[in-house]
Structures are given as structure tokens and as C-alpha cells.
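A.B. asks: I need the structure of the sequence given here:
(one chain, ligands or ions: 1)
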Amino acid sequence: MRPLLIAGNWKMHMLREEGQALVAGILAGAAQVPAERELLILPPFTLLVELGARVAGSRVDLGAQDLHWEESGAFTSGISGPMLRDAGCRYVLVGHSERREHFGDSGVVLWNKVRGALKAGLRPIYCLGENLDQREADRTADVLAAQFNEALPGLSREEMAQVTLAYEPVWAIGTGRTATPEIAQEAHRLLRRRLSEGFGEEVAARVRILYGGSVKSENAVGLLALPDIDGALVGGASLRVESFLGIATAGA
Ligand code: 13P
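C.D. replies: Residues are numbered from 1 along each chain as shown. Okay, here's the model as predicted:
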């Protein structure tokens, strides 16, 4: 009912030639990936237009890593939802912990970005997750609830059904330290319950919840098999064809 989504967040990596080579490799190997799994790349803004043209009509979807919430206007450096649609994007990340930490994204900014994405016909992937201090203080459930409430209440059921969640514990990002399947499943179960309380059973059953944080092909098998994990948001391992496809085919 929820097809697995394997998404590669390229972060601030890849010049044009490298990006072209990575996409060529992914497209060449995509046939190994079971047909019911979906593939998504999230390159930096500079590569969206040319890679959008490259993946158009293929089974690889395109998304961006951030957006400005307004449609257009005097917002120097801003990239709007309609611009991302125009470049071929279907998805956009909102609230990645690196945006929260290094760019101060929070509160009304995230609220507006989710709505700006939906208004432009993009599917937001809303990221949330606790840091190490919060986990060690046993505050994970409260932190997830607060981050959920920062941007999602007030959406209609139809709007929420367009959103994907990504649980990315900050202590697992780029550290080589992945959440155990038990930790990940528990966090995803909490998020699913929150979806159900806020938007009803049907929406909760439809919304995908991705796991992110040091996903590799070796640990992907155990994670993707869990009932509430509907895919992976991959950073470092998405920058090489073999490791990205290794995750996309894990356990299949
Ligand atoms: P890593 O896979 O490099 O830990 O990054 C995860 C991430 O932040 C994806 O958005």
C-alpha cells in the first residue's frame, strides 16, 4: 500500500559533470530495482534543470533540498516552489536538520515552506529527529511531537496525504552510527500515531515515513523490512552509484 521510496539527498555535493555521471549510472542500473520501489534524487539547485531533463520520463524522480515559501518577489537568492516545478521537481525537502541548525529554519518558516510547496504542487518531505542530548535525556517523543506541531497542524487531510515524513535522528547523520531497527521502528510508530490522531487513520496509512541517518546497503535490509519504515533518505551513500543502488535493492 505504501511503495518504498529511496531518496538520495546529495546535499552540497556534485559539480555538473559528476552529477551527470551519477545520474547516468543510476539510470543504467535502475532496472535492478524492484518495480514497486520508487527512486528520487535531490541534487543541489544548480543541477536541477539539466538533471530534470535527463531523468524526465524515467523511473527516477527529481526533488530539491529547500525552497522559499513565496511564489516570487524581491527575495534575493530565494528559489520558489513554482521555479522548482518548472525545473522538473516533484518533491522538496523541508526542515532538514542541517537547515534547522545552520540556517535557522524553524517555526513559521517551516510552516510557510510546507504550504508554499503544496501550493506549487510539490510534495514536501518534512524532516524531523532528535539530537543526542535529547535522546539521552529520554525526550525523543516530545521533540518529535514538537517538530511535528511546528509545521503540520492545520493542513487539510488531502494536503497531509501529499506530505512524506523523514525521521532523521541527528546523532545518526553522517556519523556512521545508524539507529537500530528497534529505535527507528519506535520513532516511526510514534509519528504514525501522531498522524492518525491529527489526520485520521486513512491519512496515517497513506503517508510514507522515511528513515535517514547513515543508511548503507548493509543496514538497509533490516530497516526497510520494518512495518512503519517506508523508505530511506540517504546522504553520503547516495553519492555513489553502487551504494545508492545497493540500498535501493536491499532485501529485494
Ligand atoms: P547520511 O546518510 O550521510 O548520514 O545523511 C543522512 C541525511 O541527512 C539525509 O538527508
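A.B. asks: what sits against V215?
C.D. replies: T178, L223, A232, L233, V234, A237, I247 (C-beta atoms under 8 Å, 6 or more residues apart in numbering). Quick note: C-beta positions are derived from backbone N, CA and C, even for glycine.
A.B. asks: I meant L118, not that one.
C.D. replies: L118 neighbours (C-beta under 8 Å, 6+ apart): P124, L155, E159, Q162, V163.
A.B. asks: Which ChimeraX command selects the buried ones in those?
C.D. replies: Selecting only the buried entries of those in ChimeraX, with 16 or more other C-beta atoms under 10 Å as the criterion:
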select :124,155,159,162,163
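A.B. asks: Of the contacts of L118, which are in range of the ligand?
C.D. replies: Residues of the contacts of L118 in contact with the ligand (C-beta under 6 Å from any ligand atom): none.
A.B. asks: Just the ones in helices from the contacts of V215, please.
C.D. replies: L223, I247 (DSSP state H).
A.B. asks: can I get the contacts of V215 in JSON lines with neighbour count?
C.D. replies: Conversion of those to JSON lines gives the following (neighbours: other C-beta atoms under 10 Å):
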{"residue": "T178", "neighbour count": "21"}
{"residue": "L223", "neighbour count": "25"}
{"residue": "A232", "neighbour count": "27"}
{"residue": "L233", "neighbour count": "27"}
{"residue": "V234", "neighbour count": "28"}
{"residue": "A237", "neighbour count": "19"}
{"residue": "I247", "neighbour count": "26"}
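A.B. asks: residues in contact with the residue positioned nearest the centre of the chain?
C.D. replies: Taking C-alpha atoms, centre = their mean, the centroid of the chain lies closest to I125, which sits 4.6 Å from it. Contacts for I125 (C-beta under 8 Å, 6+ apart) come out as A7, G63, Y91, V92, L93, V94, V163, T164, L165, A166, L210, L233.
A.B. asks: right, and V23 touches A53 too?
C.D. replies: No. V23 is beyond contact range of A53, at 10.4 Å (criterion: C-beta atoms under 8 Å).
A.B. asks: So between those two, which is more surrounded?
C.D. replies: Counted by other C-beta atoms under 10 Å, V23 and A53 do not tie: V23 has more neighbours, with 22 against 12.
A.B. asks: Figure out the helix or strand that that one lives in.
C.D. replies: helix 16-29 (DSSP states H and E).
A.B. asks: gap between that helix and the chain center?
C.D. replies: Here the centre of helix 16-29 is set off from its chain's centre by 20 Å, with C-alpha atoms, centre = their mean, to the nearest Å.
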